[in-house]
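> Got a predicted structure here, sequence first:
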Amino acid sequence: MGRKDAVRRLYILGVCAVMVIVNVALIFYVLNHVYNLGFRTQLYLRGHIFVLAFYTGVFLFLGNVFGGLLVGFRRTGEVIFSCLFTIIFSSVFFYLITAMLSYRFPTPLPLLAAVAGQMIFSFAWISVTGEVFRKIFKPYDVLLVFRGNSIRGFIEKLSTRRDQFNVVGKISTEEGLDRVYSMIDKHDTVMLWDIPGVQRNKIFKYCYKNSKRIYVMPKISDIILTGSEPVHLFDTPLLLIEGSPLQYEERVIKRLMDIVLSLVLIVLTSPIMLVTAAAIKLSDSGPVFYRQVRCTKGKKEFKICKFRSMVVDAESKGVAVLASVDDPRITPVGRVIRSLRIDELPQLFNVLKGDMSFVGPRPERPEFIKKYEETMPEFEYRMKIRSGITGYAQLYGKYNTLPYDKLKLDLYYIEQYSLWLDIKLMILTCKILFTKESTEGTKQRISAAKEPGDGA
């Protein structure tokens with residue numbers, strides 16, 4: 001199995017290397033034969049290497065963030081979509097370099113032609129190599145070890161990624177550890193799902209001892225431990241978990257970044273906000289903004305501000321009701337601004353005020369928080385930092401992802417926090433804006449009187 005994984009990785013590395021070389025070559029041609037002629041000081045070998053090194057670095061960075069280089073690991077369509085974003089953003093960066101070297105904005109037509117060539121090649125290359133990958137490298141045959149009745153929903157999730165996993169067997173720990181061990185011996189890949197800590201620890205060690213490939217569903221405590229710091233005070237290892245996940249200097253830098261970015265974006269998007277406000281007002285003469293009580297750091301309540309996308313008094317009965325797919329309460333104008341995320345723009349003022357941050361857990365309603373905490377007391381952990389417009393759970397989850405899974409994603413962000421992670425998530429948000437599934441509502445209408453999902 002080790003050799004097969006090595007060949008798999010080598011294949012992906014080769015595919016990515018060819019894709020990067022071809023994309024850089026097209027940019028080099030435009031740089032050398034078109035834009036270089038218009039520079040005040042023409043570039044020679046070192047100058048070309050310098051510019052192309054910057055472009056290649058940006059291309060690799062964005063390819064990693066967007067997932068445009070993950071051929072074989074993700075669906076072909078998703079990789080192509082991500083690669084297109086990588087090409088576009090990298091090309092914008094390259095154009096800015098040429099503008100600085102030219103002391104003017106040169107014609108973008110040659111660059112657009114190169115971008116078109118990059119897109120055509122990348123589309124064909126990813127499609128062909130992705131198909132070859134699936135023929136050569138079959139999905140992992142997985143043994144699913146579980147306990148309880150929640151396994152059905154997880155199997156449905158696995159069925160959506162048949163390109164990666166093939167569940168060839170499953171066994172409950174209720175059948176006894178000896179029976180579980182005998183099944184593990186027959187498989188190379190094991191997935192541990194929702195197993196009590198004591199049993200999971202024994203099974204995990206058995207898998208590790210026998211060099212099995214292990215996938216584990218983490219507990220809340222496991223995710224918190226990912227943010228621990230090793231401490232060496234004596235000859236016994238210790239792990240330190242800080243009560244406050246962000247250090248003082250991290251909080252200051254994060255707040256300064258929020259203030260600067262919110263001011264810049266308010267100025268840049270003000271024409272869009274003015275047009276949206278006029279469209280909402282002219283459509284039904286109702287209020288332009290929709291304000292709702294949400295909770296942020298320390299359960300502090302504030303009023304989140306959005307452009308109104310539903311009819312007036314959408315929750316006239318006084319009970320919070322989530323938006324559902326094809327919700328009749330959404331107005332025609334509201335359907336447009338929700339699909340384009342324009343309804344979220346007024347939250348920039350919440351960020352400027354300090355109620356929210358750009359990146360953080362989604363701000364939730366007090367009534368839903370109370371409901372969540374009845375079954376998940378750990379839900380309050382996600383309010384150790386300010387809520388955010390975008391965040392780890394918003395990007396890697398879906399609108400209708402289970403609250404417990406969203407909690408894990410939020411806690412992972414809190415424990416792994418860094419300025420670099422914030423920048424990465426903000427860049428990735430640009431891609432998510434163009435995907436449908438992250439904004440779709442729940443399939444059923446859910447209220448706070450029932451089991452809640454995510455906030456509207």
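Perfect, thanks for sending it.
> Could I get the buried residue list for stretch 44-53?
Buried residues in stretch 44-53, counted by 16 or more other CB atoms under 10 Å: 51-52. (Each C-beta comes from the backbone N, C-alpha and C, glycine too.)
> Send me it as CSV with only the CA atoms.
Taking Å, rounded to 0.1, in the frame of the first residue of the first chain, the C-alpha atoms of stretch 44-53 are listed here in CSV:
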residue,chain,number,x,y,z
TYR,A,44,16.6,40.5,-19.7
LEU,A,45,17.3,37.1,-18.2
ARG,A,46,17.4,38.1,-14.5
GLY,A,47,14.4,40.4,-14.9
HIS,A,48,12.4,37.7,-16.6
ILE,A,49,13.3,35.2,-13.9
PHE,A,50,12.3,37.7,-11.2
VAL,A,51,8.9,38.4,-12.7
LEU,A,52,8.1,34.8,-13.5
ALA,A,53,9.2,33.6,-10.1
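> Name the residues that touch that stretch?
Residues outside stretch 44-53 that contact it (CB atoms under 8 Å, 6 or more residues apart in numbering): 24, 27-28, 31-32, 36, 43, 94, 97, 101.
> Over to Lys300: give its phi and psi.
Backbone dihedrals for Lys300, given as degrees, to the nearest 10, come out at phi -70, psi 130.
> neighbours around it, how many?
Residues lying near Lys300 (other CB atoms under 10 Å) number 12.
> Over to Leu233?
Leu233: 8 neighbours (other CB under 10 Å).
> Wait, a strand at it?
No - going by DSSP: H, G, I helix; E, B strand; the rest coil, the assignment for Leu233 is coil, not a strand.
> Quick check, pLDDT for the residue most central in space within the chain.
Nearest to the geometric centre of the chain sits Leu395, at 3.1 Å (CA atoms, centre = their mean). Leu395 is assigned a pLDDT of 90 by the prediction.
> For the helix-or-strand element of the chain with minimal mean pLDDT, enumerate the helices and strands it packs against.
Sorting the helices and strands of the chain by mean pLDDT, DSSP states H and E puts helix 151-159 at the bottom, at a mean of 82. With contacts taken as 3 or more CB pairs under 8 Å, 6 or more residues apart in numbering; DSSP states H and E, helix 151-159 sits against strand 140-146, strand 165-172.
> So what touches the longest one?
Residues lying outside strand 165-172 but in contact with it, judged by CB under 8 Å, 6+ apart, are 138-147, 151, 155, 158, 179-180, 183, 186-187, 191.
> What's the PyMOL line that selects buried ones from these?
To isolate the buried ones among the contacts of strand 165-172 in PyMOL, judged by 16+ other CB under 10 Å, type:
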select buried, resi 140+142+143+144+145+146+147+151+158+180+183+187+191
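> In the stretch 251-400 of the chain, where is pLDDT below threshold?
314-326, 399-400 (pLDDT under 70).
> can you give me the helices for it?
332-339, 347-353, 366-375, 392-396 (DSSP state H, counting those that start in this stretch).
> Tell me which of these sits nearest to Arg9.
helix 392-396 (23.0 Å; CB to CB).
> May I have the closest one as PDB, with CA atoms only?
The C-alpha coordinates for helix 392-396 follow below in PDB (Å, rounded to 0.1, in the frame of the first residue of the first chain):
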ATOM      1  CA  TYR A 392     -14.200  27.900   8.400                       C
ATOM      2  CA  ALA A 393     -17.700  26.300   8.800                       C
ATOM      3  CA  GLN A 394     -19.200  28.600   6.200                       C
ATOM      4  CA  LEU A 395     -16.600  27.700   3.700                       C
ATOM      5  CA  TYR A 396     -16.100  24.000   4.300                       C
END
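> In terms of residue numbering, what are the domains of this protein?
2-136, 140-217, 248-432 (automatic domain parsing).
> Of all the ones you listed, which one is nearest Ile223?
domain 248-432 (4.8 Å).
> what's the span of that closest one, first residue to last?
End-to-end span of domain 248-432 (CA to CA, to the nearest Å): 31 Å.
> Check the offset of it from the chain's centre.
15 Å (CA atoms, centre = their mean, to the nearest Å).
> Also stretch 242-249?
23 Å.
> do stretch 10-26 as well
Per CA atoms, centre = their mean, the centroid offset for stretch 10-26 relative to its chain is 25 Å.
> residue boundaries of the strands in this protein?
140-146, 165-172, 189-193, 213-216, 229-231, 238-240, 289-295, 301-307, 356-359, 387-390 (DSSP state E).
> Could you list the residues in contact with the fifth one?
With CB under 8 Å, 6+ apart as the contact definition, strand 229-231 has outside contacts at 237-240, 242.
> one step back: ok, which of the strands of the chain comes nearest Leu274?
Closest among these, using CB to CB: strand 301-307, at 11.3 Å.
> That closest one versus helix 366-375: what angle between them?
120 degrees (axes from the mean of the first three to the mean of the last three CA atoms, to 10 degrees).
> list the helices and strands strand 301-307 packs on?
Right, strand 301-307 is packed against helix 248-284, strand 289-295, helix 347-353 by 3+ CB pairs under 8 Å, 6+ apart.
> Would you mark the buried spots in stretch 158-178?
158, 163, 165, 167, 171-173.
> want to throw the residues you listed into CSV with distance to Tyr372?
Converted to CSV, the buried residues of stretch 158-178 look like this (distance: CB to CB, whole Å):
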residue, distance to Tyr372
Leu158, 26
Asp163, 34
Phe165, 30
Val167, 30
Ile171, 32
Ser172, 28
Thr173, 28
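> And for the closest residue to Ile88 other than its chain neighbours, the neighbour number?
In this structure, Ile88 finds its nearest non-sequential neighbour in Val115, 7.1 Å apart by CB to CB, 6 or more residues apart in numbering. Residues within reach of Val115, counting by other CB under 10 Å, total 23.
> can you check the one 10 residues further on too?
By the criterion of other CB under 10 Å, Trp125 has 18 neighbours.
> Can you verify my assumption that it contacts Val18?
Yes - between Trp125 and Val18 there is a contact under CB atoms under 8 Å: 7.0 Å.
> ok, back up a step: of the helices and strands packed on strand 301-307, flag the one that's most buried.
helix 347-353 (a mean of 19; mean count of other CB atoms under 10 Å).
> Contact partners for the closest residue to Glu174 other than its chain neighbours?
Spatial nearest neighbour of Glu174, excluding adjacent residues (CB to CB, 6+ apart): Arg147 at 6.4 Å. Arg147 sits next to 172-174, 194-196, 199 when contact means CB under 8 Å, 6+ apart.
> And the pLDDT at Arg147?
pLDDT, Arg147: 88.
> Glu440 now?
Reported pLDDT for Glu440: 47.
> Dump the least confident helix or strand of the chain to CSV, restricted to CA.
Output of helix 151-159 as CSV, limited to C-alpha atoms (Å, rounded to 0.1, in the frame of the first residue of the first chain):
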residue,chain,number,x,y,z
ILE,A,151,-24.0,5.5,10.7
ARG,A,152,-26.7,5.7,8.0
GLY,A,153,-26.2,9.4,7.4
PHE,A,154,-22.5,9.0,7.3
ILE,A,155,-22.7,6.3,4.7
GLU,A,156,-24.8,8.6,2.6
LYS,A,157,-22.0,11.2,2.8
LEU,A,158,-19.4,8.6,1.8
SER,A,159,-21.5,7.6,-1.2
